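# Sequence below, structure please.
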Amino acid sequence: MDLKDTSISLSRVQTLDVTADIQGTEEPTVSDDPRSWRLGSKWLILLVASWLCLVSPLASSILAPATGLMNAEFHNDSETLTTFTVSFFILGYVVGSLIAAPLSEQYGRKVILDITTTIFAIWQLACALAPNITSLLIFRLFAGLGGSACLSIGGGIVSDLFDSNERGTATAVFALGPLLGPVIGPIIGGFLSQKAGWRWIFWFLLILGSLTVLLQVFLGRETNLRVIRARKHAFQGRPLSWWHRLDWYGPVEPLGSDGPKEIDLMQSMLRPWKFIFTSPITGILCLYSGFIYGLLYLLLTTITRVFVQQYHWSIGISGLSYLGIGIGFILGVVAIGSTSDRIVMKHAKGNNDIVVPEVRLRVCFYFSFLIPISFVWYGWSSHQQAFWLAPITGLVAFGLGMIGVFLPIQTYMIDAFPEYAASSTAALASSRNVVGTFLPLAGPFLYEALGLGWGNTLLSFVALVLIPAPYFIAKYGEKLRLKYPIKI
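Presented below is the predicted three-dimensional model:
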């Protein structure tokens, strides 16, 4: 199949389910289509997914302020291992996203989320009992594998529930979870580790993860239309138990013109890789968003040390400095969420009611300038030990710029490849998590060699060089999608 549609119609043609329903009737219905569900139901499902995506990234960064206490217990003096205890969790995202997303397109969103969220919670217990730093690294990796699914499947859920003219707002609301999670984590981790010790961080995550499993199991619903129709077809005329009504299990063979057809699992598993390596559009956007995401985790792993050393704050109080990024995130979500769909609709009115996905990327060009500016601002103000509000204001600018880049790119991937939205966003998520795992390792050495001022200036220069990436896709992306279609 070639994904080479150049535009998306504003009016979605509803697919009538002419197969027999569960009671055996033959009435055509659109009630199976999640986009036709009640608005309240759709937003509840989206908020549950967003909550999952808050808890998992929260776990990725919550250990950052407590690494000093952990090092003291494990007698560790390696900067690399210290940074890895935080970023190794993100390495689990890389592998997990590439597996979970295509599986959700074949077996359903809910069953994959139920299983992976349970895995995420279980491995928090192992982390709490870790006997040494090596085992903690391994346990964090497996926890990251379990926590990865929600980040890649979330794009698929947005695509399942909302039409293209609604996705800007929906993506902005969904993004609150994965973006605020890494910011809230260090704040909780700083105070909790200072009062109760670093191991209580993982006992807290075990409790929170277990409650999240219950939330996902009982409030989450299947939103993949192909899976819903396949299950309905298979169970026609048969009563459903509570087990099936919870969407835990059911036949998943997709319906073809001649009935159910066989699933090519290997083909599904390779799908995200095709997005990364066969599409110039995806490759460029993955490179750019990956670097910005790496900058975020470099900050998350170094901010505590900066404010402890430069401003002599306690571990708990230094965690509050992460609020700067969080405030920027919220401002960015409000700005993009309130304008993205309007920009698309305005363009569509002059384009025969046809939405061109690349229109969403135009705003990225302006927000992208905030990223290099913010690093110069944050770096030199902290280096000169200026009033503490100065570097935190620089972090606010970074958060705003990051959201202005991330949300349009993620929504664009969903709009450009709606049928395989989970795989396309998995490609985006896994590639950026590779950078998010390893770029933070350079932080301590960079600051030691160049200082906070010149070290952050170097990073700002790289960010400045990459600014043309979203502008290039916004201008030439439609032609590239035609010329280099992704063969699924």
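
# can we go C-alpha only for contacts and neighbour counts from here?
OK.

# how far is stretch 456-468 from where the chain is centred?
23 Å (CA atoms, centre = their mean, to the nearest Å).

# tell me which residues in that stretch are buried?
In terms of neighbour count (16 or more other CA atoms under 10 Å), stretch 456-468 has its buried residues at 456-460, 463-464, 466-467.

# Out of these, name the ones that lie in helices.
Secondary structure assignment by DSSP state H places 456-460, 463-464 of these in helices.

# Can I get the residues you listed in CSV including pLDDT and distance to residue 45?
Formatted as CSV, these follow (pLDDT from 0 to 100; distance: CA to CA, whole Å):
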residue, pLDDT, distance to residue 45
456, 92, 40
457, 94, 42
458, 94, 42
459, 92, 38
460, 93, 38
463, 91, 36
464, 92, 38
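
# Determine which two of those residues are furthest apart.
Distance extremes for these: the farthest pair is 456 and 464 at 12.2 Å, using CA to CA.

# low pLDDT regions in the stretch 1-150 of the chain?
Applying pLDDT under 70 to the stretch 1-150 of the chain picks out residues 1-31.

# What segments of it are helices?
With helices called from DSSP state H, counting those that start in this stretch, the stretch 1-150 of the chain shows them at 39-61, 67-74, 79-107, 109-128, 133-147, 149-161.

# How much space separates the most centrally placed residue in the chain from residue 305?
A centroid search over the chain (CA atoms, centre = their mean) returns residue 151, at 3.8 Å, as the residue closest to the centre. As for residue 151, its distance to residue 305 is 28 Å (criterion: CA to CA, to the nearest Å).

# Next: residue 159.
40 Å.

# ditto for residue 322
12 Å.

# of these two, who's got more company?
For residue 322 versus residue 305, the count of surrounding residues by other CA atoms under 10 Å is larger for residue 322: 22 against 19.

# circling back: dump the buried residues of stretch 456-468 into TSV; add distance to residue 326 as well.
As requested, the buried residues of stretch 456-468 are exported to TSV (distance: CA to CA, whole Å):
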residue	distance to residue 326
456	20
457	22
458	24
459	21
460	20
463	20
464	23
466	24
467	23
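
# Which members of these define the maximum pairwise distance?
Longest distance between any two of the buried residues of stretch 456-468 is 16.7 Å, between 456 and 467; criterion CA to CA.

# Report the distance from stretch 146-156 to the chain centre.
Relative to the centre of its chain, stretch 146-156 is centred 7 Å away, using CA atoms, centre = their mean.

# What are the buried residues along stretch 69-84?
By neighbour count on 16+ other CA under 10 Å, the buried set for stretch 69-84 is 70-71, 81-84.

# ok, of those, which one's closest to residue 396?
residue 83 (23.4 Å).

# Please report how far that closest one lies from residue 211.
Look at residue 83 and residue 211: by CA to CA, they are 29 Å apart.

# likewise residue 46?
17 Å.

# Nearest to residue 431 among the buried residues of stretch 456-468?
For those, the nearest to residue 431 is residue 466 (16.1 Å; CA to CA).

# can I assume that closest one is in contact with residue 289?
No - at 9.8 Å, residue 466 does not count as touching residue 289 under the criterion of CA atoms under 8 Å.

# can you give me the helices for the stretch 251-400 of the chain?
Assigned by DSSP H, counting those that start in this stretch, the helices in the stretch 251-400 of the chain fall at 265-278, 280-311, 315-318, 323-349, 364-367, 370-383, 389-416.

# Please tell me the pLDDT value assigned to residue 366.
Listed pLDDT for residue 366 reads 87.

# One more: residue 265?
pLDDT, the model's per-residue confidence, is 56 for residue 265.

# again with residue 238
Residue 238 is assigned 62 on the pLDDT scale.

# Report the contact partners of residue 447.
If a contact means CA atoms under 8 Å, 6 or more residues apart in numbering, then residue 447 has 455-456 as its contacts.

# how does it look with 7 Å?
By CA atoms under 7 Å, 6 or more residues apart in numbering, the contact set of residue 447 is residue 455.

# Next, give phi and psi for it.
As for residue 447, its main-chain torsions (degrees, to the nearest 10) stand at phi -70, psi -30.

# Count the residues that sit near residue 413.
24.

# Also residue 284?
By the measure other CA under 10 Å, the count of residues near residue 284 is 17.

# Quick check: it vs residue 426, distance?
Distance, residue 284 to residue 426, by CA to CA: 15 Å.

# do the same with residue 290
Distance from residue 290 to residue 426, counting by CA to CA: 12 Å.

# ok, now residue 81?
Separation of residue 81 from residue 426 (CA to CA): 27 Å.

# Return the distance of stretch 46-53 from the chain's centre.
11 Å.

# pull the CA atoms of that stretch into CSV?
Output in CSV follows, covering the C-alpha atoms of stretch 46-53 (Å, rounded to 0.1, in the frame of the first residue of the first chain):
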residue,chain,number,x,y,z
LEU,A,46,-8.1,10.7,25.6
LEU,A,47,-7.6,11.9,29.2
VAL,A,48,-7.0,8.4,30.4
ALA,A,49,-4.3,8.0,27.7
SER,A,50,-2.9,11.4,28.6
TRP,A,51,-2.7,10.3,32.3
LEU,A,52,-0.8,7.2,31.3
CYS,A,53,1.6,9.5,29.4
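
# who touches that stretch?
With CA under 7 Å, 6+ apart as the test, stretch 46-53 has contacts from 150-151, 154, 174-178, 212, 216, 220.

# Compare those and tell me which is most surrounded.
Within the contacts of stretch 46-53, most neighbours by other CA under 10 Å means residue 150, with 34 neighbours.

# wait, what's in contact with it?
Counted by CA under 7 Å, 6+ apart, residue 150 has contacts 49, 52-53, 113.

# ok so, going back, which of residue 46 and residue 211 has more neighbours?
residue 46 (22 against 12).

# ok, the closest residue to residue 377 other than its chain neighbours to residue 388 distance?
Residue nearest to residue 377 in three dimensions, not counting chain neighbours: residue 394, with 5.3 Å by CA to CA, 6 or more residues apart in numbering. For residue 394, the distance to residue 388 equals 10 Å [CA to CA].

# More neighbours: those two, which one.
residue 394 (25 against 14).

# per-residue confidence at that one?
Looking at residue 394, the pLDDT reads 93.

# Likewise for residue 409?
87.

# Would you quantify the distance from it to residue 312?
According to CA to CA, residue 409 and residue 312 sit 38 Å apart.

# More neighbours: which of these two?
With neighbours defined as other CA under 10 Å, residue 409 and residue 312 compare such that residue 409 has more, 26 against 12.

# Go through the buried residues of stretch 456-468 and name the one nearest residue 275.
residue 466 (20.5 Å).
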